[in-house]
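Peer 1: below is the sequence, then the predicted model.
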Amino acid sequence: MNEKSAKILIIDDDDEIRYSLARVLQRRDFEVIEAGSGEDGIKVAVKEIPDIIFLDNRMGGMSGLETLQHLMGERDSFHVIMMTAYGTTQTAIEAMKFGAFDYIMKPFDMDKVLSLIDAVMEAKADRESTEDYEPLLNSDDYKEGIVGSSQPMQEVFKQIGQLAASEVTILITGESGTGKELIAKAVYQHSLRSGGPYIAVNCAAIPENLIESELFGHEKGSFTGAAQMRKGKFELCDGGTIFLDEIGDMELSTQTKVLRVLQEGEIQRVGGSDTIKVNVRLVAATNKNLEKMVGKKAFREDLYYRLNVARIRLPNLHERSDDIPELIDFMLQRLVKQNKGKVKRISSDVHNLLKRYPWPGNVRELENVVNRASVIAQGDTILLKDLPPEIHEWATKNHIDLRSGNGGPSTDVGGFAAKSSDEVIVESISGSNTTQSAYDQLYTNLRSENAEGILGLIEKAMIERSLTETGGNQVKTAAILGITRATLRKRIELYKEEA
Ligand SMILES: Nc1ncnc2c1ncn2[C@@H]1O[C@H](COP(=O)(O)OP(=O)(O)OP(=O)(O)O)[C@@H](O)[C@H]1O
Ligand SMILES: [Mg+2]
């Protein structure tokens, strides 16, 4: 790699950050140039043509996104890495959409910075022509619709930004309630077809005998009750995007017809013999395991491969529990805006409990809990008593100390709640690592296909989790894990050493 010769421009209005990043990079023999504003940065970039541009998102004067747009307007081969202290949905999507190479959160992990530089240099080496991303109409109307500053969701937003403007078929997978429908809509809103129609069809909700007529339409008299010719969704959606939700529930015979639309771009109405050309982009979603279904011949293999061209996997809420406070905040604010509630915050006990609850129903379940609690709550704060029985039962079963905050002050959701005693126990095993960060690390490893150490991570996460649940009781923890107490102690010692 010719990274030594890379010329790097840092655009940030914070002198200290610019200076310290510059120093670290210079020490590694990179040629570094700096600019203290977006306006300046553009001038310097045009003159110097750096290989890589690190661009701050929040700056006085021209914002990072504006600067990014100008830069890409000047030269679409610029490789820009956005830097931000706040991982908002909007910025991540917009940044990728406007052609940023990647997106990095402050404070920096230097290894990440260096691997990004490597990645840029590699990309530059083997790819000269990059595709243009047209800035689309305003996407403001959905600005507040999706929450997610956690790492796994940021990855999802990046994928949306990268895939939306292309015409590829997208398959969205994830458990029930993870937000598949929301993401499908976001893909559409950020695509070049955003001015065209968007039609969502829930394949599971339409009776088997009606689905084909629904999708492809029917000719007059083609079956009992077909008194008039009717156009189907594909035909109505010409020039637009069709969202086939719950596609795993589609009959094999219907799958064959959908495959034909994808391959030939044409349909036939039920009972008709004319072929009708349609130009439709397909986005599909399912919470089923399509690979398994293909194995059992319950889903067509050829359709599966067609759908799976680009895939967005939505993480379970449990894998992104960092998003929970923000989600609650967002949901409460929305209720207030809709005049459906007066609740502005949750107590710190509630906060602690909701962050730990495993959320089998994902975001939808959280939404139900928040809606219900805000109706029940008497003042402007949600208290433990406002939570549904299943959460209380879970807490009791798992020995969660509900009154961890000792009735301490309630926190605004965005803020930090007081730590409960069992969280402190977990932290003492592994430095500052909590259960969640072990999962995050595991997930990152899986994604980078770096399988090394995964078993250790799983073991550590399991031990941490069960310690949390037993309130640090080693006898109970060993019983849950099916290991002896001595083994448990050895493991704890080991992880302490590693921390
Ligand atoms: N990241 C998010 N930010 C805000 N709201 C969200 C988010 N994800 C999901 N929601 C909300 O949670 C609810 C469930 O989302 P959605 O219907 O998209 O889930 P789904 O994955 O399609 O579930 P299913 O498989 O059961 O159909 C919706 O009301 C949605 O608005
Ligand atoms: Mg859905």
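Peer 2: Received the coordinates, thanks. Numbering: from 1, shown residues only. Ligands and ions are numbered 1, 2, ... in the order given.

Peer 1: kindly state the domain boundaries assigned to this protein.
Peer 2: 3-126, 151-313, 317-418, 425-498 (automatic domain parsing).

Peer 1: any part of the third one near ligand 1?
Peer 2: Yes: Domain 317-418 comes into contact with ligand 1 (CB under 6 Å from any ligand atom), by way of 327, 330, 363-364, 367. Heads up, the C-betas are built off the backbone N, CA and C, glycines and all.

Peer 1: ok, that domain near ligand 2 or not?
Peer 2: No: applying CB under 5 Å from the ion, one finds domain 317-418 separated from ligand 2 by no less than 8.7 Å.

Peer 1: how far out from the middle of the chain is that domain?
Peer 2: Centroid separation for domain 317-418 versus its chain: 21 Å, with CA atoms, centre = their mean, to the nearest Å.

Peer 1: quick one: average confidence on it?
Peer 2: Across domain 317-418, pLDDT averages out at 80.

Peer 1: secondary structure element holding whichever residue of the stretch 101-250 of the chain sits closest to ligand 2?
Peer 2: Nearest to ligand 2, among the residues of the stretch 101-250 of the chain, is residue 181, at 4.2 Å (CB to the ion). For residue 181, the host element (DSSP states H and E) is helix 180-189.

Peer 1: touching that helix from outside, list them.
Peer 2: 93, 136, 139, 141-142, 145-146, 156, 160, 163-164, 170, 172-174, 194, 198, 200, 241, 243, 245, 283, 285, 287, 312, 314 (CB atoms under 8 Å, 6 or more residues apart in numbering).

Peer 1: just the buried residues of that helix, please?
Peer 2: By neighbour count on 16 or more other CB atoms under 10 Å, the buried set for helix 180-189 is 180, 183-189.

Peer 1: for residue 307, which non-adjacent residue is spatially closest?
Peer 2: Nearest residue to residue 307 in three dimensions, chain neighbours excluded: residue 171, at 4.5 Å (CB to CB, 6 or more residues apart in numbering).

Peer 1: next, the closest residue to residue 48 other than its chain neighbours: secondary structure please.
Peer 2: Of all residues beyond its chain neighbours, the one nearest residue 48 is residue 33 (5.9 Å), with distances taken as CB to CB, 6+ apart. Look at residue 33: counting by DSSP: H, G, I helix; E, B strand; the rest coil, its state is strand.

Peer 1: let me see the contact set for residue 33.
Peer 2: Residues in contact with residue 33, defined by CB under 8 Å, 6+ apart, are 7-10, 44, 48, 50.

Peer 1: just the ones of those residues in helices?
Peer 2: Mapping those onto helices (DSSP state H) picks out 44, 48.

Peer 1: any idea how far apart the tips of stretch 81-97 sit?
Peer 2: With CA to CA, to the nearest Å as the measure, stretch 81-97 spans 13 Å from end to end.

Peer 1: so is it next to ligand 1?
Peer 2: No: Stretch 81-97 stays clear of ligand 1 (CB under 6 Å from any ligand atom), getting no nearer than 7.6 Å.

Peer 1: which parts of that stretch are buried?
Peer 2: Residues of stretch 81-97 classed as buried by neighbour count (16+ other CB under 10 Å): 81-84, 87-97.

Peer 1: which strands and helices sit next to the helix or strand encompassing residue 396?
Peer 2: Element membership for residue 396, per DSSP H and E: helix 389-397. With contacts taken as 3 or more CB pairs under 8 Å, 6 or more residues apart in numbering; DSSP states H and E, helix 389-397 sits against helix 348-356.

Peer 1: could you say what helices and strands the helix it packs on packs with?
Peer 2: helix 324-337, helix 362-376, helix 389-397.

Peer 1: and these: which comes nearest residue 226?
Peer 2: helix 362-376 (35.9 Å; CB to CB).

Peer 1: quick one: buried residues of the helix holding residue 396?
Peer 2: Residues 391, 394-395 are the ones in helix 389-397 that count as buried (16+ other CB under 10 Å).

Peer 1: ok, stretch 364-376 next?
Peer 2: Buried-residue list, stretch 364-376, by 16+ other CB under 10 Å: 365-367, 369-371, 373-374.

Peer 1: between these, which sits nearest residue 279?
Peer 2: Using CB to CB, the buried residues of stretch 364-376 come closest to residue 279 at residue 367, 35.4 Å.

Peer 1: surely that closest one is in contact with residue 331?
Peer 2: Yes: with contact taken as CB atoms under 8 Å, residue 367 and residue 331 are classed as touching, separated by 5.9 Å.

Peer 1: shared neighbours, the two?
Peer 2: What both residue 367 and residue 331 touch, as defined by CB under 8 Å, 6+ apart, is an empty set.

Peer 1: hey, C-alpha coordinates of the helix holding residue 396 in PDB?
Peer 2: Output in PDB follows, covering the C-alpha atoms of helix 389-397 (Å, rounded to 0.1, in the frame of the first residue of the first chain):
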ATOM      1  CA  PRO A 389     -46.800  -6.600  34.400                       C
ATOM      2  CA  GLU A 390     -44.600  -8.600  32.000                       C
ATOM      3  CA  ILE A 391     -41.700  -6.300  32.600                       C
ATOM      4  CA  HIS A 392     -42.100  -6.500  36.300                       C
ATOM      5  CA  GLU A 393     -42.300 -10.200  36.100                       C
ATOM      6  CA  TRP A 394     -39.100 -10.300  34.100                       C
ATOM      7  CA  ALA A 395     -37.400  -8.100  36.600                       C
ATOM      8  CA  THR A 396     -38.500 -10.300  39.500                       C
ATOM      9  CA  LYS A 397     -37.500 -13.500  37.800                       C
END
